[in-house]
Each structure stands twice: as C-alpha cells, then as structure tokens.
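J.: Below is the sequence, then the predicted model.
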Amino acid sequence: RWLFNHAVCTLYAFCGVLFGLCSLTSLTVLSTVCCLKVCYPAYGRCLLLLCVWAYALMFATAPLAEWGSYGPEPYGTACCITWKASSREATLYILALFIFCYLLPCLLILVSYSLILWTVQVSQRAVRQH
C-alpha cells in the first residue's frame, strides 16, 4: 500500500507524469527535427527543448489546478493520474491527455519517419538514374 500522505502521492504522480510526457514529447520532437533536417534542410532552428518542457508541464500541472486529479493506483502501491473519471472535467482531461499526449505524438513520429523513408527512397532513385 502507499505509505505516505496525499501530498507526497501528488508529488510522486506529478513527477511521473511530467517526466513521462517529457520523454515522449522529446522523442516526438527528435523525429520531427530529423524529418525537417532530412526532408527540408533549409528549415531554421527554434527553442524546441523549452517547448517540450512547457508542453509536458502544462499537462502535468492540470490535475494540480483541479482539471483531473492524482491519486493512488488501483493496487495502492504507487500514485498516478486518477483514471476513473469522477466528473466531466476529469473525463475531458483524460481525453485531452490521450489525444495530445499519446495520439498526436505517435502520429507525428509516424509521419516524420515515413517522410524520411520516402525522401531517402526518392534520393536513392535519383542517384541510380545518374
């Protein structure tokens, strides 16, 4: 069972969500940057690392602002997002988390690497023709 109080549970869950989202968002940004550098080499630079942390922080702090909530996991040994939505706001948070922190990053990663593969294949054909 969870041995600490609710404040430590919330901090533990917040850190887990923040670092998990930073990890997935960093992978998404990495694939996008690779795609831009391979497919569109003239594209400029930006402050992507700061954007990664801001994006993850936005979703990780939402339960602290009463949009969703943190609590013990079903087995009670750790804390995370309360997945059983008790209100409409909690349901909307879980839906937003699913769309913007899972589906969108996965789609961007898939599109980025698909574009890289397509660009490599087109370049390979051009080299063979010469």
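T.: Structure received.

J.: which residues of the chain score low on pLDDT?
T.: 43-46 (pLDDT under 70).

J.: how about the strands in it?
T.: Using DSSP state E, the strands of the chain run over 70-72, 79-81.

J.: Which among the ones you listed is found nearest to F59?
T.: Minimum separation from F59 across the strands of the chain (CB to CB) falls at strand 79-81, 9.8 Å. For the C-beta atoms, the positions are set from N, CA and C on the backbone; glycine is no exception.

J.: That closest one - contacts with which helices or strands?
T.: Strand 79-81 sits against helix 6-39, strand 70-72, with contacts defined as 3 or more CB pairs under 8 Å, 6 or more residues apart in numbering; DSSP states H and E.

J.: among the ones you listed, which is the most enclosed?
T.: strand 70-72 (a mean of 18; mean count of other CB atoms under 10 Å).

J.: Quick one: list the elements packing against that one.
T.: Using 3+ CB pairs under 8 Å, 6+ apart as the contact test, the elements touching strand 70-72 are helix 6-39, strand 79-81.

J.: Reformat those as a markdown table; add distance to L64.
T.: Shown next, in a markdown table, are the helices and strands packed on strand 70-72 (distance: least, CB to CB, whole Å):
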| stretch | distance to L64 |
| --- | --- |
| helix 6-39 | 7 |
| strand 79-81 | 12 |
